[in-house]
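S.K.: need a structure here:
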Amino acid sequence: MPYHLRFGEADPLRIRFAISPLWETHTAVRVLARPRQQGYHLPWLRRIADAARGLDLGPLQLLMPLHGHSPDCLYPPPIGPAASFEDEIAAVRETQPDVALDDFRRALAETPGAAATAEGRRLLADPAGAVDRLADLLEAAWEALVAPDWPRLRALLEADVAYHSRRLAEGGLERLLAELHPAFDWAAETATLRVDYHGEHVRPLDGQGLVLMPSVFTWPDVVSGFDPPWQPTVAYPARGIGGLWAEPRDRVPEALGRLLGPVRADVLCALAEPMGTTALAHLLGRAPSSVSAHLSVLRDAGLLTSRRYGHQVLYERTPLGIALSQPGAG
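M.R.: A predicted model of the protein is given here:
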């Protein structure tokens, strides 16, 4: 069943990308209970298993139905292009009780019997207290499950935003939406973005524009459905998650490591997507100065090319660099 986002005259001018550590925390908690979403994240799941067992995530997961409404007040669209978790969770704690109660009722109604459980009754009886308690749980989940890997996750998400921002500048809105995800279908004649999603819904953007939010843990789905007063938002799987948790030994062909040296080979192989020095350094867990030096050598050798985009320089592999970095190369 499709979700229709109807653009007005001003809405294409108000499209923005954003990254949300709170959203990644929400979807990380969801992944723990959704085996179909775990395929790319098995190394992460093994590493955080002990920490996850130490958290009581039941109240959060009760409000995460398999399909349908989840409380927007707990995971609102990001308040800026690069909001901190601290800013986002502070906004959650300011949720009014009547707003929370309506959100909780709708979410619990998606799962038969959820409202009648002890936890469901507790949420509905004291929405103000529930907001504080759930915010505490989200904070604990952030610190245990996501924050240790946030530099790596943020690097991938920033690379996705840089790539798609460039595609928007080069090809316009229609090309961008066609490339973001197979679930997107842009109807130019009605200026409507149709998103294959669970539930029939029509949402006029009414001049608010649209937030496009890459996500690591949302895969393989796209998620939309934020209701007023929240800004219309679509979360989609970020590019490059297939190699997110790969270690150098998994990513670098052995012969290439002998040819270039292990660190330089890792830099080359990690550039599956165009990326800036800082983002790549976060992804690899290395000093930006060291990564910058290796990037310069690889570019001078004809394995990388660079271009300026906005305030940063993006590096990407040349055809020769792509050939050398493939498994079996050398």
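S.K.: I'd guessed L205 sits against P12; true?
M.R.: No - with contact defined as Cβ atoms under 8 Å, L205 and P12 do not form a contacting pair (9.4 Å). The C-beta positions use only the backbone N, C-alpha and C, and glycine is treated the same way.
S.K.: who's more crowded, the two?
M.R.: Legend: neighbour count by other Cβ atoms under 10 Å for L205 and P12, higher for L205 (21 against 15).
S.K.: ok, for the more buried one, nearest residue in space, not its chain neighbours?
M.R.: D11 (4.3 Å; Cβ to Cβ, 6 or more residues apart in numbering).
S.K.: And for that neighbour, the neighbour number?
M.R.: D11 has 21 nearby residues by other Cβ under 10 Å.
S.K.: just G54 next, same as before
M.R.: 8.
S.K.: residues in contact with stretch 117-135?
M.R.: By Cβ atoms under 8 Å, 6 or more residues apart in numbering, the residues outside stretch 117-135 that reach it are 58-60, 62-63, 73-74, 89, 92-93, 95, 97-98, 100-101, 104-105, 108, 114-115.
S.K.: quick one: average pLDDT of that stretch?
M.R.: Across stretch 117-135, the average pLDDT comes to 96.
S.K.: before we move on, what about stretch 80-87?
M.R.: pLDDT averaged over stretch 80-87 gives 86.
S.K.: following the helix or strand containing E170, which helix or strand shows up next?
M.R.: Following DSSP states H and E, one finds E170 within helix 150-180. Tracing the chain past helix 150-180, the next element assigned as helix or strand by DSSP H and E is strand 184-187.
S.K.: list the helices and strands that following strand packs on?
M.R.: helix 150-180, strand 192-196 (3 or more Cβ pairs under 8 Å, 6 or more residues apart in numbering; DSSP states H and E).
S.K.: Mind pulling up the pLDDT for the residue most central in space within the chain?
M.R.: Taking Cα atoms, centre = their mean, the centroid of the chain lies closest to S215, which sits 1.2 Å from it. pLDDT recorded at S215 is 94.
S.K.: cool, and I48?
M.R.: Looking at I48, the pLDDT reads 93.
S.K.: thinking again about what came up before, nearest to R264, of the helices and strands packed on strand 184-187?
M.R.: Nearest of the helices and strands packed on strand 184-187 to R264, taken as Cβ to Cβ: helix 150-180 at 18.4 Å.
S.K.: tell me which residues in that closest one are buried?
M.R.: Neighbour counts over helix 150-180 (16 or more other Cβ atoms under 10 Å) mark 150, 152-166, 168, 173, 176-177, 180 as buried.
S.K.: next SSE after the strand or helix carrying A255?
M.R.: Using DSSP H and E, A255 sits within helix 254-260. Next along the chain after helix 254-260, taking DSSP H and E as the criterion, comes helix 262-270.
S.K.: For the protein, just list every one of the strands.
M.R.: Along the chain, the segments classed as strands by DSSP state E run 2-6, 15-17, 184-187, 192-196, 201-204, 210-215, 233-237, 304-309, 312-317.
S.K.: Dump these to a markdown table, plus distance to R34.
M.R.: What follows is those, written out as a markdown table (distance: least, Cβ to Cβ, whole Å):
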| stretch | distance to R34 |
| --- | --- |
| strand 2-6 | 20 |
| strand 15-17 | 25 |
| strand 184-187 | 22 |
| strand 192-196 | 18 |
| strand 201-204 | 22 |
| strand 210-215 | 14 |
| strand 233-237 | 14 |
| strand 304-309 | 35 |
| strand 312-317 | 33 |
